[in-house]
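Trainee: the sequence and its predicted three-dimensional model are supplied below.
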Amino acid sequence: MKNIFIVTLFAISLTPAFAATSMKATVNGMVCAFCAQGIEKRISKMPATKAVYVDLKKKTVVVEPKDGMTLDQKAIVEEVKDAGYDIVKVESVAKSVAEIKAELVADK
């Protein structure tokens, strides 16, 4: 019984290390749903992308990687710039797109 507890505790302590690291970016220039859709479509086509969420009011783009993959931040920044928008800030967040979306929606 003690061994099971130790193994479980060890597994729980490692969980954050394996959590997907999403990218959250503040993007200037997005003014309409068409802008958001264009960015979402471009980033969704990238091989490591699992999910994308764009919040126009908060000027935020969130990208989550597929399981076992990492995002190429430079490539995503270039996609957004090539689409005609400016990225002001980029940060890595150890949360899923669904979690970040829930937080952004709650802040409205």
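Mentor: Done, it's in.

Trainee: contacting residues around stretch 88-107?
Mentor: 16, 19-28, 50-53, 55, 58-60, 62-64, 73, 77 (CB atoms under 8 Å, 6 or more residues apart in numbering). C-beta: built from backbone N, CA, C; applies to glycine.

Trainee: sec struct for the residue positioned nearest the centre of the chain, please.
Mentor: By CA atoms, centre = their mean, the mean C-alpha position of the chain lies nearest to residue 63, the distance being 2.8 Å. For residue 63, the assignment made with DSSP: H, G, I helix; E, B strand; the rest coil gives strand.

Trainee: what's the closest non-adjacent residue to it?
Mentor: residue 23 (4.7 Å; CB to CB, 6 or more residues apart in numbering).

Trainee: assumed that neighbour was part of a helix.
Mentor: No - assessed with three-state DSSP, residue 23 is strand; it does not lie in a helix.

Trainee: per-residue confidence for it?
Mentor: pLDDT recorded at residue 23 is 96.

Trainee: could I get the full set of helices for this protein?
Mentor: 2-14, 33-44, 73-82, 97-106 (DSSP state H).

Trainee: could I get those as a markdown table with mean pLDDT and mean neighbour count?
Mentor: Output for those, formatted as a markdown table (pLDDT from 0 to 100; neighbours: other CB atoms under 10 Å):
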| stretch | mean pLDDT | mean neighbour count |
| --- | --- | --- |
| helix 2-14 | 41 | 9 |
| helix 33-44 | 95 | 15 |
| helix 73-82 | 95 | 15 |
| helix 97-106 | 89 | 14 |
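
Trainee: need these in TSV (columns: distance to residue 90).
Mentor: Shown next, in TSV, are the helices of the chain (distance: least, CB to CB, whole Å):
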stretch	distance to residue 90
helix 2-14	27
helix 33-44	13
helix 73-82	6
helix 97-106	14
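
Trainee: quick one on the thing from earlier: run through the bridge partners of the residue nearest to residue 63.
Mentor: Under DSSP bridges, the beta-bridge partners of residue 23 are residue 63, residue 92.

Trainee: do I have it right that it meets residue 73?
Mentor: Yes - here residue 23 reaches residue 73: they are 5.9 Å apart, a contact under CB atoms under 8 Å.
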